[in-house]
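Peer 1: return atomic coordinates for the entry below.
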Amino acid sequence: MEFGLSSEQVLLQDSVGQWLAAHAPLARVRRCADAGDGRASDLVAGLAELGVFGALIPESHGGVGLAPLDACLLAEMLGRHVTPAPFAASAAMVPTALLRAGSPGQQAQWLPAIAAGRQVVGAAFSEAAGARAGAGVTATDGRLSGRALHVLDWQADAWLVADREGGMHLVAADAPGLTSRALETVDRTRPIGELLFDRTPAEALPGSGPAAVALVLDVGRLMLAADTLGAAQAMLEQAVAYAKQREQFGRVIGSFQAVKHLCADMAAQLEPSRAFVWYAAHTLGESLDQARVEICLLKAHLDEVGRQVAKSATEVHGGMGFTDLLGLHYWFKRIGFNRQMLGSPERLRLEAARAQGLAA
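Peer 2: Now for the predicted structure:
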């Protein structure tokens with residue numbers, strides 16, 4: 001059996017990659033990061049025209065109706081270009097939640113607006129992935145109380161919030177009793193924040209439950225893993241290009257065995273990781289029980305591989321790798337952020353073991 005991308009999937013990834021190369025170069029990323037603008041209106045509008053935000057939304061709701069694997073290909077390109085635009089939460093986790101647990105009215109209200117880029121909906125699911133002291137949200141009589149940390153796609157028009165009991169709720173940005181503030185993280189290409197709820201009115205998704213929350217988490221983890229793959233691939237390519245032109249002792253440094261080994265090791269780790277992403281995404285559409293194991297192991301593996309590639313690629317650049325001039329730190333920090341978001345490698349391996357009945 002041959003398992004690979006179709007010609008349409010290759011064309012999709014290439015088209016989005018070319019658009020990002022033209023419209024989101026490093027200089028544009030740097031301006032967004034310096035301004036704290038994780039929702040650049042020009043990039044959001046352009047990506048919406050390409051159908052990026054409607055990838056997982058059915059055509060009946062204004063989307064493109066693609067499969068999880070197709071969304072992974074888009075996430076990989078966004079990571080490759082460290083794109084300062086919402087995706088993992090607003091274009092993947094939230095549509096998944098609405099399609100799985102939302103009412104027809106909620107789907108009709110939000111899905112077309114998300115697909116068109118008119119609305120961004122963030123996701124507050126960090127506490128569902130791992131409890132934190134002083135954080136967590138409770139729901140009582142249609143109102144939320146508590147604190148949600150590390151909200152993805154934080155600069156949003158509304159948020160999808162998971163509570164302690166496995167419920168999911170939509171909260172408007174201007175809801176009374178809601179306080180929203182930015183959190184400073186290493187990754188300046190994506191805004192992250194926290195939400196404080198004081199009996200804040202919220203609209204529950206009627207089909208919510210632990211299984212639905214677990215599915216939304218799986219989709220988010222899958223997109224973050226694909227994002228890490230793209231960022232790591234970009235760092236490898238930059239390291240190889242630098243090694244081919246940087247001279248030392250009258251020779252390009254790429255001719256030295258130690259540098260060759262660094263680049264070869266990075267490539268050897270990344271190539272099977274790509275197949276791992278494809279397989280995990282394919283499994284999500286076939287078997288949810290098996291997908292939980294595959295996605296947990298995938299993200300844990302890519303978190304480790306991404307960190308090693310980021311470290312090695314920076315070393316190939318020598319002292320220049322630590323400067324703002326080259327901008328390697330944008331990819332480095334994005335990989336570092338993805339590693340901890342929605343579950344660290346240790347947490348994910350434990351979840352995979354529990355899903356297989358190997359741990360209590």
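
Peer 1: so how far is the host helix or strand of residue 233 off the chain centroid?
Peer 2: In this structure, residue 233 sits in helix 210-245 according to DSSP states H and E. Relative to its parent chain, helix 210-245 has a centroid offset of 8 Å by CA atoms, centre = their mean, to the nearest Å.

Peer 1: what residues of it count as buried?
Peer 2: Within helix 210-245, the residues scored as buried using 16 or more other CB atoms under 10 Å are 212-236, 238-240, 242-243. Every C-beta, even on glycine, is put in place using the N, C-alpha and C of the backbone.

Peer 1: what of stretch 159-169?
Peer 2: Neighbour-count burial for stretch 159-169 [16+ other CB under 10 Å]: 159, 160, 161, 162, 163, 167, 168, 169.

Peer 1: got a list of contacts for that stretch?
Peer 2: 89, 93-94, 97, 101, 121-125, 127-128, 136-139, 144, 146, 148, 151, 170-171, 173, 195, 197, 202-205, 208-210, 212-213, 216 (CB atoms under 8 Å, 6 or more residues apart in numbering).

Peer 1: relative to helix 210-245, how tilted is the stretch of helix or strand residue 295 belongs to?
Peer 2: Taking DSSP H and E as the criterion, the element that holds residue 295 is helix 288-316. Inter-element angle recorded for helix 288-316 and helix 210-245: 30 degrees (by axes from the mean of the first three to the mean of the last three CA atoms, to 10 degrees).

Peer 1: buried stuff in helix 288-316?
Peer 2: Buried, per 16+ other CB under 10 Å, within helix 288-316: 291-303, 305-307, 309-310, 312-314, 316.

Peer 1: distance between it and the chain's centre?
Peer 2: With CA atoms, centre = their mean, you get 13 Å for helix 288-316.

Peer 1: quick one: buried residues of the next helix or strand after that helix?
Peer 2: Toward the C-terminus, helix 288-316 is succeeded by helix 328-340 as the next helix or strand (DSSP H and E). Buried residues in helix 328-340, defined by neighbour count with 16+ other CB under 10 Å: 328-340.

Peer 1: out of the residues you listed, who's nearest residue 183?
Peer 2: When the buried residues of helix 328-340 are compared for distance to residue 183 (CB to CB), residue 337 wins out at 11.3 Å.

Peer 1: does the closest one touch residue 191 like I think?
Peer 2: No. Using CB atoms under 8 Å, residue 337 is not in contact with residue 191; the gap is 11.5 Å.

Peer 1: and the contacts of stretch 296-313?
Peer 2: The contact list for stretch 296-313 (CB under 8 Å, 6+ apart) reads 221-222, 224-225, 228-229, 231-232, 235-236, 238-239, 262-263, 265-266, 269-270, 273, 276-277, 280, 321, 328, 331-332, 335-336, 338-339, 342-346, 348-349, 351-352, 355.

Peer 1: so for it, what's the average pLDDT?
Peer 2: Mean pLDDT, stretch 296-313: 96.

Peer 1: and what of stretch 44-52?
Peer 2: 94.

Peer 1: keeping just the C-alphas, turn that stretch into CSV.
Peer 2: In CSV, the C-alpha atoms belonging to stretch 44-52 read as follows (Å, rounded to 0.1, in the frame of the first residue of the first chain):
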residue,chain,number,x,y,z
VAL,A,44,-6.2,37.0,7.9
ALA,A,45,-8.0,38.4,4.9
GLY,A,46,-5.6,36.7,2.5
LEU,A,47,-5.7,33.4,4.2
ALA,A,48,-9.5,33.5,4.4
GLU,A,49,-9.6,34.0,0.6
LEU,A,50,-7.4,30.9,0.2
GLY,A,51,-9.9,28.9,2.3
VAL,A,52,-7.4,28.3,5.1
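
Peer 1: compute the inter-axis angle for the helix holding residue 295 and helix 328-340.
Peer 2: 150 degrees.

Peer 1: the residue positioned nearest the centre of the chain and residue 340: what is the separation?
Peer 2: Nearest to the mean C-alpha position of the chain, by CA atoms, centre = their mean, lies residue 224 at 3.3 Å. Distance, residue 224 to residue 340, using CB to CB, to the nearest Å: 10 Å.

Peer 1: same check on residue 152?
Peer 2: Distance of residue 152 to residue 340, given as CB to CB: 12 Å.

Peer 1: rewinding a little: the contacts of stretch 159-169 in helices, which ones?
Peer 2: In this view, the contacts of stretch 159-169 that belong to helices under DSSP state H are 94, 97, 101, 127, 128, 210, 212, 213, 216.

Peer 1: could you give the number of residues near the fifth one?
Peer 2: In other words, residue 128. By other CB atoms under 10 Å, 25 other residues sit near residue 128.
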